[in-house]
Structures are given as C-alpha cells and as structure tokens.
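>>> Fold the following, please.
(one chain, ligands or ions: 1)
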Amino acid sequence: MNFYSTNDTSLRVSMEEALLRSMPKDRGLYMPEKIPFMGADFFRRISDGSLADIAFEVSSALFGPSIPTGKLQDLVHRAFPFDTPVVGLENGKSHVLELFHGPSLAFKDVGARYMAAMMGYFLEQSSQEVHILVATSGDTGGAVAMGFLGVPGIKVTILYPSGRVSELQEKQLTTLGRNITAIEVDGSFDDCQALVKMAFADPDLNRQQRLASANSINIFRLIPQGFYYVRAYGQVKQYGKPVVFSTPSGNFGNLSAGVLAHKMGLPVHRFIASTNLNRAVPTYLENGTYTPNPSIETISNAMDVGNPSNFVRLTHLFDDSFEELKASVSGYYFDDGQTREAMLDVYRQYGYVMCPHTAVGYLGLRRYQQSGEDTCGIALATAHPAKFKDLVESVIHTPVEIPPALEELMNRPKHSIRLGVGFDEIKDYLMQTA
Ligand SMILES: *Cc1c(COP(=O)(O)O)cnc(C)c1O
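Numbers count the residues shown, from 1 in each chain. Just a heads-up that it's a prediction; the model follows:
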C-alpha cells in the first residue's frame, strides 16, 4: 500500500515513509492510495470480534503483503489488549462508546499504540533508530509516552509547558523512565511547539539523528481509530436501526477516521461533528465558509482548536464537495454552560459520569435526535472522567474514582529536565543525548 499527498494526488510514497515522515514535503496530508472495501459479510460477522480482531482484518486488507500475517497478528494484539465497549444509556437509542480503557485513559491511546507497533516493526527490519520529538498540552503526550514505552529502536522526548498540565497528565509524562524523557519547558504550549519545529528544521540535529514526529496528522494514528467505529457497530447492529455517531472534535482526526471506516463499507447513517465554541467546522457546515480562528479556552480543553489540522483530510474524503460532506455530516457546537448542564443531566438521569469532551459529543447526539427520526445513536466517550477529576467533581458534586493503574502512577516520583524557551539550550541537550 502506497500513500499520496492531499496536495499532490500523483505522489506515491511507501508505507514506511508515510509512517516515519508524518507529513509530505508539500505540507499536504498523506492518504492511502486505495481504500479497501470490506464486504457486507465482514460487517455481519464482526459482532463477536475484539478490537484486535477487527484491527487484524482491516490491517490485512490495507497492508497485507507488506507485513507477514503472523507478525501482523502479534502486532495488533500487543497494541490492543483492551476493549472499546458500547454502554447503553437508553438501549437501542442512545449509547456511549468508551474509548478510555487504554493506559492513558483517552482515545488517543488507540492511535498512538498502533503507530508505535508499526514503527517498531519497520525499525526492527532495518535496524534503524528513531528519536520521536513531541510537544504536548496534556493528552497527546501521555498517549505517546505510554504507547512508545519500551518499543525497541525508539527514543521519545516530550516537551510540555511547566505548570500548565494537570497533575495526572504530568505523572503520565514524567514517571515512566526507560526510553521516555520529559522536558519541562518554562513557557507555554506554543513555545514547546515552536521548539519542536525548530528542532525538525535544524541541520546539525538532523545530520546526527533521525527525528520523527508522532503528531495526530500521521495517517497511522488515524487509520486505527476507524477500528472502534466498526467495533461499536458490531455491538449495536442487533437493534436494526440506522446508526449515528457523534464525535466530540478538535483537530478532527477522530471524525475523519470514522468517515474512512464508512468508506470501507461501514454502514453509518450520519456523522455528527460536535464541538465546543471552537466551531470552525459546524459553522462551515452551516454556511459553506471555512474561517479558522484563534483558539478559545473552554472546559473541554483537548478540543480547543481554532484551525483543525485534519479539516483538509475530512473534506478530501468527500472529494472536496461541500454538498457531499453536508449529506453525511451534521455539525453542532455548545458552550461550557451547556456542557456542564449535560454532565449533570446525564449523571442524574442515568447515573453515568462523563468527561466534558464526552458531554459535548452527547449534546450533539441529543440535538440531532430531536428531529424525531428513529436512530441508534452513539456518542464517542473520548476520555475517562478521572482525567478531569476536579472539574467533573465540581459539576456532579460526587467523588470520581481514579482507576488503579493511574493511582499507582500518582505515587511514582517525577523525573523531568527543566529548560528555558531558548532553542540553543534544547539543541545542546538533544545533541548530547543522541
Ligand atoms: C484529542 C481529544 C479530542 C479531539 O480529538 P480530535 O481527533 O483532535 O478531533 C477530544 N477529546 C479528548 C479527550 C481528546 O484528548
């Protein structure tokens, strides 16, 4: 399977190159040259399949000859030892798809772990070493750190803004050790991102080591996110109703992944793009004009994105046709007050605790279902409520339990390297540790 760029559809690069490079030189986004169509038979028999089983079948269709069958089996089972269960709020009508049973308690584990497994495979084949550099405002770093922990041939350095990530997120970045190093930058997330960009552009560093990124525009983080849409469909198809997914969105990788699965044949009646006040995409769906904005701070902060990096991919999946996009995707946005209200409503009505991002997804689903059409709705639950413990507790006035694996992490000592925002400092550090 080769990949092309959304800016140059005649370009062809190998799987390995798309994986390790993340972004084409023309600054487009990689797309698989052929999207395999999984037949109706596949979707009929997957109800009993685990996430790993689905990952294996779809990955075989995509990358079959490039990776031997036994290796691929091994790789997907190691990437996905956890499930993504659908939980009914009202069975047959409204459900949540829990994507937070991986080690960092957010859906980003799925993409990061698959990407790590694939990179590990290719590096083992070529005995190369790769240094992954990533800037994080919180969630991405944890998923990347835990996903790449102990993968041979890979060293990970994570830059995070000192004092601006939650205690729990910081523990996920700074307590793992082994091949994971955390750099605590005396600055903002934007400073961290700027430093990473400078490192990628620095000739000395690039001569000395092979730098790679693990950011969410990498197509290998996106493809595996389609697997849980398939898994969810398998769990609700018994109701025999049209299936609607509501995806709480920021950079729109998660929603694009669902659309990709739909293109592979997954029967989906409609996708709902649910956002907070960072509403560039819902507004586009309303009036056909795409206007990126500076990001606005909200309580669903992992979705505070003013100019979604996967917007191009989303429109590309609909052949850049606004009409086609509109025919499959609805968009709604909600403010923090509505989000808090929904968290409380859901807790009172169903005894179910949602993180603020999930609540935005639930709100989008509820709004869509008000049309009265009889659909089976699934809102994607993108993070465990314990990741946003203080906020959730302040809304539902009930203690939120921390899962045992995380509790254990909370007791480990923090290790980080503290640096300023000057590039020379970080460059020296990276040169010395190569
Ligand atoms: C990253 C993130 C999102 C947004 O996902 P995108 O793929 O960027 O749209 C939503 N919720 C949580 C909890 C996240 O960490």
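>>> The helix or strand harbouring H77 packs against which elements?
Take DSSP states H and E as the rule and H77 turns out to sit in helix 69-79. Under the contact criterion of 3 or more C-beta pairs under 8 Å, 6 or more residues apart in numbering; DSSP states H and E, helix 69-79 touches helix 51-63, helix 108-126. For every residue, glycine as well, the C-beta is placed using N, CA and C.
>>> Mind putting these into a markdown table with mean neighbour count?
As requested, those are arranged in a markdown table below (neighbours: other C-beta atoms under 10 Å):
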| stretch | mean neighbour count |
| --- | --- |
| helix 51-63 | 20 |
| helix 108-126 | 23 |
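>>> Turn these into a markdown table, columns for distance to the ligand and mean pLDDT.
Output for these, formatted as a markdown table (distance: least, C-beta to the nearest ligand atom, whole Å; pLDDT from 0 to 100):
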| stretch | distance to the ligand | mean pLDDT |
| --- | --- | --- |
| helix 51-63 | 18 | 95 |
| helix 108-126 | 5 | 93 |
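>>> buried stuff in the helix or strand following the helix holding H77?
Sequence-wise, the next helix or strand downstream of helix 69-79 (DSSP H and E) is strand 86-90. The neighbour-count check on strand 86-90 (16 or more other C-beta atoms under 10 Å) flags V86, G88, L89 as buried.
>>> Quick check: the second one vs the ligand, distance?
The reference is to G88. 21 Å (C-beta to the nearest ligand atom, to the nearest Å).
>>> Quick one: list the elements packing against the strand or helix carrying A342.
Assessed by DSSP H and E, A342 sits inside helix 336-350. Counting contacts by 3+ C-beta pairs under 8 Å, 6+ apart, helix 336-350 packs against strand 86-90, helix 356-369, helix 389-396.
>>> Show me which of the ones you listed has the highest average neighbour count.
Burial of the helices and strands packed on helix 336-350 is given as mean neighbour count (mean count of other C-beta atoms under 10 Å); helix 356-369 ranks first at a mean of 27.
>>> For that one, enumerate the helices and strands it packs against.
Other helices and strands packing on helix 356-369, by 3+ C-beta pairs under 8 Å, 6+ apart, are strand 94-98, strand 243-248, strand 270-275, strand 329-333, helix 336-350, strand 376-381.
>>> State the mean pLDDT of it.
Here helix 356-369 scores 98 as its mean pLDDT.
>>> angle of that helix against strand 243-248?
Following axes from the mean of the first three to the mean of the last three C-alpha atoms, to 10 degrees, one obtains 140 degrees for the angle between helix 356-369 and strand 243-248.
>>> Just confirm A379 contacts Y368, I think it does.
No - here A379 does not reach Y368: they are 10.1 Å apart, not a contact under C-beta atoms under 8 Å.
>>> shared neighbours of those two, which are they?
The contact sets of A379 and Y368 overlap at S246 (C-beta atoms under 8 Å, 6 or more residues apart in numbering).
>>> element containing Y290?
Under DSSP H and E, no helix or strand contains Y290.
>>> wait, it sits on R279?
No - in this structure, Y290 is not within contact of R279 by C-beta under 8 Å, at 11.3 Å.
>>> circling back to that earlier point, so which of the helices and strands packed on helix 356-369 is nearest the ligand?
Closest approach to the ligand among these (C-beta to the nearest ligand atom): strand 243-248, 5.0 Å.
>>> Quick one: check that closest one for contact with the ligand.
Yes - for strand 243-248 and the ligand, the contact criterion (C-beta under 6 Å from any ligand atom) is met by P248.
>>> Just the angle for that strand relative to strand 376-381, thanks.
Using the same axes, to 10 degrees, strand 243-248 lies at 20 degrees relative to strand 376-381.
>>> Buried ones in the following helix or strand past strand 243-248, by neighbour count?
Beyond strand 243-248 on the C-terminal side, the first helix or strand identified by DSSP H and E is helix 253-263. For helix 253-263, burial by neighbour count (16+ other C-beta under 10 Å) applies to G253, N254, L255, S256, A257, G258, V259, L260, A261, H262.
>>> now for helix 253-263, which elements pack on it?
helix 219-222, helix 225-236, strand 243-248, strand 270-275, helix 311-317.
>>> Now mean pLDDT too, for those, in JSON lines please.
Converted to JSON lines, these look like this (pLDDT from 0 to 100):
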{"stretch": "helix 219-222", "mean pLDDT": "95"}
{"stretch": "helix 225-236", "mean pLDDT": "96"}
{"stretch": "strand 243-248", "mean pLDDT": "98"}
{"stretch": "strand 270-275", "mean pLDDT": "98"}
{"stretch": "helix 311-317", "mean pLDDT": "95"}
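>>> for the stretch 51-200 of the chain, which spans come out with low pLDDT?
Applying pLDDT under 70 to the stretch 51-200 of the chain flags no residue at all.
>>> Show me which residues of it sit near the ligand.
A106, K108, D139.
>>> so what's the second one up against?
Going back to what we said before, that points to K108. Counted by C-beta under 8 Å, 6+ apart, K108 has contacts D139, T140, G142, A143, V144, S216, R221.
>>> Just the buried ones from the residues you listed, in ChimeraX syntax?
Buried residues among these (16+ other C-beta under 10 Å), as a ChimeraX selection:
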select :139,140,142,143,144,216,221
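>>> and of the contacts of K108, the nearest to R164?
D139 (12.9 Å; C-beta to C-beta).
>>> The closest one contacts H384, correct?
No - D139 is beyond contact range of H384, at 11.1 Å (criterion: C-beta under 8 Å).
>>> tell me, what's touching the two both at once?
Counting by C-beta under 8 Å, 6+ apart, the residues touching both D139 and H384 are A106.
>>> Remind me what the longest strand belonging to the chain packs against, helices and strands.
When the chain is scanned for its longest strand (criterion: DSSP state E), the result is strand 154-161. Strand 154-161 is packed against helix 108-126, strand 130-135, helix 139-148, helix 167-174, strand 180-185, helix 189-201, with contacts defined by 3+ C-beta pairs under 8 Å, 6+ apart.
>>> Give the buried residues for the fourth one.
Within helix 167-174, the residues that qualify as buried by neighbour count (16+ other C-beta under 10 Å) are L168, Q169, E170, K171, Q172, L173, T174.
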